[in-house]
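**Q** Have a look; sequence and predicted model below, questions after that.
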Amino acid sequence: MVWRQAIEVHERIDRGDADGEALAALLRESGVGDVRVRRVAGDRGHTDFVRAFVPGSAGRSRGGTAPTLGIIGRLGGVGARPEQIGIVSDADGALVALTAAAKLGAMSRAGDVLPGDVVVTTHVCPDAPTLPHDPVPFMNSPVDMAQMNANEVEDGMDAVLSIDATKGNRVCNHRGFAISPTVRQGWVLRVSEGLLDIAARVGGRAPAVLPITTQDITPYGNGVFHVNSILQPATATDAPVVGVAVTAESVVPGSGTGATDLVSVEETARFCVEVAKDFGRGVVAVHDAEEFAALVRMYGSLAHLRELPA
């Protein structure tokens with residue numbers, strides 16, 4: 001269970017003075033030795049990018065060959081002050097990612113070292129702006145998507161879990177979390193059977209799948225509808241990306257307060273930890289690499305979908 005970590009992370013985020021250094025301090029207390037914070041300013045304010053690195057026993061950081069998992073917490077901001085007081089629903093991406101990082105650090109300190117390296121990235125902004133969107137308002141961000149990807153997506157990630165609150169829609173009416181089909185280089189691939197197994201194991205019920213469209217895997221800024229930013233990391237990496245959506249049965253605005261469900265946060269963080277265990281030791285694949293290569297051979301590259309039109 002990761003309840004302790006979820007509560008501690010929530011307490012440090014649900015504050016008007018929340019910042020990256022406070023969360024970095026918590027991660028270090030939990031056992032994560034390598035934590036970095038970078039403040040980035042944009043036209044609408046600033047945010048703190050937090051990067052936590054948990055080395056694996058057979059990871060590349062120690063000369064091994066075990067694959068590296070990237071866990072990215074996606075969001076516009078953890079708060080929308082002064083428009084809203086308190087933590088917003090959109091904070092789930094950061095809450096889950098930081099909770100998973102804290103748990104992985106505690107495990108490593110206690111002797112449960114995973115085989116593969118894990119990189120966790122997200123950002124913390126307590127006063128992000130909002131953005132009109134149907135059916136409910138989006139959270140905006142002080143920085144643009146290119147800056148987010150530059151600070152959260154790394155070349156060394158062999159696969160990426162991209163976590164995002166995905167409650168402001170009518171296409172996934174499920175309380176808990178859902179996973180998306182795997183996306184790689186413009187291709188929407190089949191849902192990973194291994195990840196479905198882990199989701200069922202963690203949730204104790206049939207796993208939920210988030211439906212996605214071609215629009216969702218194209219970059220922000222092209223003027224078309226996106227369910228949210230959950231698959232934007234796929235526009236910035238060649239590695240396979242899976243969206244991990246924190247979901248609800250009703251339509252909940254990302255800018256809404258009082259909507260954080262720690263049961264869903266804890267469950268989603270446990271899923272991420274379990275994926276890190278199984279991916280690093282090679283018993284779960286995020287996608288079928290041979291089938292992906294065959295698709296590209298037969299039908300060509302779809303990597304152009306990751307680019308903004310000229």
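**A** Perfect, I can see it now.

**Q** Show me how far the lowest-mean-pLDDT helix or strand in the chain is from its chain's centre.
**A** Lowest by mean pLDDT, DSSP states H and E among the helices and strands of the chain is strand 138-139, with a mean of 80. Relative to its chain's centre, strand 138-139 lies at 16 Å (CA atoms, centre = their mean, to the nearest Å).

**Q** got it, and stretch 5-14?
**A** Centroid separation for stretch 5-14 versus its chain: 17 Å, with CA atoms, centre = their mean.

**Q** which parts of that stretch are buried?
**A** By 16 or more other CB atoms under 10 Å, the buried positions in stretch 5-14 come out as 5, 6, 8, 9, 10, 12, 13, 14. (Each C-beta comes from the backbone N, C-alpha and C, glycine too.)

**Q** next structured bit after the least confident helix or strand of the chain?
**A** Proceeding N to C from strand 138-139, the next assigned helix or strand is helix 145-152, under DSSP states H and E.

**Q** Can you list the helices and strands that that following helix packs against?
**A** Applying 3 or more CB pairs under 8 Å, 6 or more residues apart in numbering; DSSP states H and E, we find helix 145-152 packed against strand 34-42, strand 45-54, strand 69-74, strand 118-124.

**Q** for the shortest one, packing partners?
**A** Here strand 69-74 is seen to pack against helix 92-109, strand 118-124, helix 145-152, strand 159-165, helix 262-280 when contacts are counted using 3+ CB pairs under 8 Å, 6+ apart.

**Q** Which one of those lies nearest to residue 246?
**A** helix 92-109 (4.1 Å; CB to CB).

**Q** and that closest one, which residues are buried?
**A** For helix 92-109, the neighbour count (16+ other CB under 10 Å) marks 92-108 as buried.

**Q** Stretch 298-310 now?
**A** Across stretch 298-310, burial judged by 16+ other CB under 10 Å covers 302, 305, 306.

**Q** Leaving out chain neighbours, which residue sits closest to the second one?
**A** The reference is to residue 305. residue 186 (3.8 Å; CB to CB, 6 or more residues apart in numbering).

**Q** Pretty sure the one you found sits against residue 303.
**A** Yes: if you go by CB atoms under 8 Å, residue 186 and residue 303 touch, sitting 5.0 Å apart.

**Q** which residues touch the nearest residue to residue 262 once chain neighbours are set aside?
**A** With CB to CB, 6+ apart as the criterion, residue 262 has its nearest non-adjacent residue at 5.6 Å, and that residue is residue 6. Applying CB atoms under 8 Å, 6 or more residues apart in numbering to residue 6 gives the contacts 95, 99, 262, 265, 266, 269.

**Q** Okay, now the unreliable bits of the stretch 1-150 of the chain?
**A** Applying pLDDT under 70 to the stretch 1-150 of the chain flags residues 135-137.

**Q** what angle do the helix or strand in which residue 245 is found and strand 159-165 make?
**A** Assigned by DSSP H and E, residue 245 belongs to strand 241-247. If you take axes from the mean of the first three to the mean of the last three CA atoms, to 10 degrees, strand 241-247 sits at 20 degrees to strand 159-165.

**Q** and strand 241-247, average pLDDT?
**A** For strand 241-247, the mean pLDDT works out to 98.

**Q** tell me what it is packed against?
**A** When contacts are defined as 3+ CB pairs under 8 Å, 6+ apart, strand 241-247 sits against helix 92-109, strand 159-165, strand 176-179, strand 183-184, helix 262-280.

**Q** Return that strand as PDB; C-alpha atoms alone will do.
**A** Once non-C-alpha atoms are left out, strand 241-247 reads as follows in PDB (Å, rounded to 0.1, in the frame of the first residue of the first chain):
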ATOM      1  CA  VAL A 241       3.800   5.800 -24.200                       C
ATOM      2  CA  VAL A 242       0.800   4.600 -22.200                       C
ATOM      3  CA  GLY A 243      -1.700   7.100 -20.700                       C
ATOM      4  CA  VAL A 244      -2.700   6.300 -17.100                       C
ATOM      5  CA  ALA A 245      -5.900   8.300 -16.600                       C
ATOM      6  CA  VAL A 246      -7.300   9.100 -13.100                       C
ATOM      7  CA  THR A 247     -11.000   8.900 -13.800                       C
END
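
**Q** Pull the distance from it to the chain's centre.
**A** The answer for strand 241-247 is 7 Å, by CA atoms, centre = their mean.
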